[in-house]
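S.K.: here are the coordinates; sequence isn't available:
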């Protein structure tokens with residue numbers, strides 16, 4: 001009898017140990033998944049903050065600003081639901097809500113903000129990377145039905161034109177460098193490429209219109225410079241030919257009469 005009770009006790013103990021280990025593993029797995037989700041939301045928040053910091057370099061619309069703040073709001077809310085013991089996250093959520101309220105009441109003046117050309121190749125690369133990230137964010141929000149299709153198409157097109165602005169700036173920079181080193185063939189090729197590209201854009205913004213005019217004006221200047229150089233070269237050759245003829249006449253053998 002005692003042996004039977006001992007066997008039962010051992011079995012119960014083993015069951016309890018196994019059950020405890022299963023519960024412990026489940027809790028560890030749940031905690032790991034929880035941390036991973038919180039990290040994912042933190043990455044969303046950090047990405048949105050980074051994009052908002054660059055709003056001084058790119059002409060963000062009111063819609064874009066609200067989209068980025070909304071992503072932060074959703075991730076902060078989800079983080080608090082998973083772990084309410086995060087006072088910094090709670091305060092950040094309060095701040096984001098206040099910023100969103102201000103944005104909703106503010107006029108859409110950022111719509112008319114001019115694009116600021118990058119000052120270096122490094123800055124241009126950073127801007128292109130930022131535009132690529134924002135377009136990806138828009139696609140995600142549209143896929144989650146938080147942005148209607150019409151708004152998505154309009155905002156994505158604005159970003160596409162910003163990207164074109166950066167590329168045209170880079171093209172202009174290379175054209176000026178080619179002109180400065182008298183590589184007129186390369187210069188003209190770059191300018192024509194830029195002009196042809198912009199000729200196919202029907203919804204050019206103000207910045208692209210200005211760049212189109214700059215490209216055309218520069219191409220005209222280069223053509224005029226080449227024409228003048230060709231005329232000067234022809235004139236020099238003519239003068240040298242005339243001098244040669246005069247010398248030939250001066251030193252030709254005298255005829256005897």
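M.R.: Arrived safely. All values reported here derive from a predicted model rather than from experimental measurement.

S.K.: Would you mind pulling the contact partners of stretch 82-101?
M.R.: 34, 37-38, 45, 66, 69-70, 72-73, 76-77, 79-80 (CB atoms under 8 Å, 6 or more residues apart in numbering). (Each C-beta comes from the backbone N, C-alpha and C, glycine too.)

S.K.: let's see it at 7 Å
M.R.: The contact list for stretch 82-101, computed with CB atoms under 7 Å, 6 or more residues apart in numbering, reads 34, 37-38, 66, 69, 72-73, 76-77, 79-80.

S.K.: pLDDT weak spots in the stretch 101-250 of the chain?
M.R.: Residue ranges of the stretch 101-250 of the chain with pLDDT under 70: 108-115, 229-250.

S.K.: Helices along this structure, start to end?
M.R.: 2-53, 62-82, 87-105, 121-143, 149-180, 184-199, 206-251 (DSSP state H).

S.K.: and residue 68, what does it touch?
M.R.: Here residue 68 is in contact with 48, 51-52 (criterion: CB under 7 Å, 6+ apart).

S.K.: can you pick the most crowded of the residues you listed?
M.R.: Counting neighbours by other CB atoms under 10 Å, residue 48 leads those with 23 neighbours.

S.K.: ok, now how distant is that residue from residue 26?
M.R.: As defined by CB to CB, to the nearest Å, residue 48 lies at a distance of 33 Å from residue 26.

S.K.: How about residue 121?
M.R.: From residue 121 to residue 26 the distance is 53 Å (CB to CB).

S.K.: One more: residue 52?
M.R.: Counting by CB to CB, the gap from residue 52 to residue 26 is 39 Å.

S.K.: now residue 97
M.R.: Distance of residue 97 to residue 26, given as CB to CB: 35 Å.

S.K.: One more: residue 182?
M.R.: Applying CB to CB to residue 182 and residue 26 gives a distance of 74 Å.

S.K.: try residue 218
M.R.: Taken as CB to CB, the span from residue 218 to residue 26 is 69 Å.

S.K.: So between those two, which is more surrounded?
M.R.: It is residue 218, of residue 218 and residue 26, that has more neighbours when counted by other CB under 10 Å, with 20 against 10.

S.K.: which residues sit in contact with that one?
M.R.: Residue 218 touches 175, 191, counting by CB under 7 Å, 6+ apart.

S.K.: From residue 161, how far out is it?
M.R.: Counting by CB to CB, the gap from residue 218 to residue 161 is 21 Å.

S.K.: Ok, residue 31 next?
M.R.: Distance, residue 31 to residue 161, by CB to CB: 46 Å.

S.K.: So for these two, which sits in the more crowded spot?
M.R.: Set side by side, residue 31 and residue 161 show more neighbours around residue 161, with 17 against 10, by other CB under 10 Å.

S.K.: Count residues in the vicinity of the residue lying closest to that one once chain neighbours are set aside, would you?
M.R.: Using CB to CB, 6 or more residues apart in numbering and skipping residues adjacent in sequence, the residue nearest residue 161 is residue 205, 5.5 Å away. Other residues lying near residue 205 total 19 when counted by other CB under 10 Å.

S.K.: how near is residue 205 to residue 198?
M.R.: Residue 205 is 11 Å from residue 198, by CB to CB.

S.K.: How many neighbouring residues does residue 25 have?
M.R.: 10.

S.K.: Report the contact partners of it.
M.R.: So residue 25 contacts nothing (CB under 7 Å, 6+ apart).

S.K.: Quick check: it vs residue 14, distance?
M.R.: 16 Å.

S.K.: go on, residue 197?
M.R.: In terms of CB to CB, residue 197 sits 75 Å off from residue 14.

S.K.: Around the nearest residue in space to residue 121 that is not next to it in sequence, how many other residues sit close by?
M.R.: Counting by CB to CB, 6+ apart, residue 121 lies nearest to residue 170, which is 7.3 Å off, once chain neighbours are set aside. If you count neighbours by other CB under 10 Å, residue 170 ends up with 18.

S.K.: what do you get for the one 10 residues further on?
M.R.: The burial count assigned to residue 180 is 9, neighbours taken as other CB under 10 Å.
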